[in-house]
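Student: kindly return the folded structure for what I paste below:
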Amino acid sequence: MEDERDLMFPGWQLPYFVALAPGSPETLYERVDEAERAILVRLAELARRQEREMEQFALRDALDALYTIKIEKLDFPHCAPGSTV
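Tutor: Numbering: from 1, shown residues only. Here you go, the predicted structure:
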């Protein structure tokens, strides 16, 4: 797992990497949910700030990966990668 000091955007990347890390299948839903919320909150904060374009791209890529987990491992067929903000 990543060390918080090594992350460019630890506020959302830390829960994101926790969701991606191997762990108990019983906690996968909660881990994905926490990461998704952190990403969506950060996207809302950045909505009007063009200078953070690189982070916005990283956030969208992270959301796509979480949606893939939801579809493939958590049986959420309504999630569609690429349909982020």
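Student: give the buried residues for the helix or strand M54 falls within.
Tutor: Element membership for M54 (DSSP states H and E) is helix 53-73. Neighbour-count burial for helix 53-73 flags 55-56, 58-60, 62-63, 65-67, 69-70 (criterion: 16 or more other Cβ atoms under 10 Å). The C-beta positions use only the backbone N, C-alpha and C, and glycine is treated the same way.
Student: tell me what that helix is packed against?
Tutor: Secondary-structure packing of helix 53-73 (3 or more Cβ pairs under 8 Å, 6 or more residues apart in numbering; DSSP states H and E): helix 10-20, helix 28-46.
Student: got the CA coordinates for it in CSV?
Tutor: Written as CSV, here are the backbone C-alpha positions of helix 53-73 (Å, rounded to 0.1, in the frame of the first residue of the first chain):
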residue,chain,number,x,y,z
GLU,A,53,-6.8,19.7,-14.5
MET,A,54,-4.2,17.0,-13.9
GLU,A,55,-5.9,16.0,-10.7
GLN,A,56,-9.3,16.0,-12.3
PHE,A,57,-8.1,13.5,-14.9
ALA,A,58,-6.6,11.3,-12.1
LEU,A,59,-10.0,11.5,-10.2
ARG,A,60,-11.9,10.4,-13.3
ASP,A,61,-9.6,7.5,-14.0
ALA,A,62,-9.9,6.4,-10.3
LEU,A,63,-13.7,6.5,-10.5
ASP,A,64,-13.7,4.4,-13.7
ALA,A,65,-11.6,1.8,-11.9
LEU,A,66,-14.0,1.8,-8.9
TYR,A,67,-17.0,1.4,-11.2
THR,A,68,-15.2,-1.6,-12.8
ILE,A,69,-14.9,-3.2,-9.4
LYS,A,70,-18.6,-2.5,-8.7
ILE,A,71,-19.6,-4.1,-12.0
GLU,A,72,-17.2,-7.1,-11.9
LYS,A,73,-17.0,-7.9,-8.2
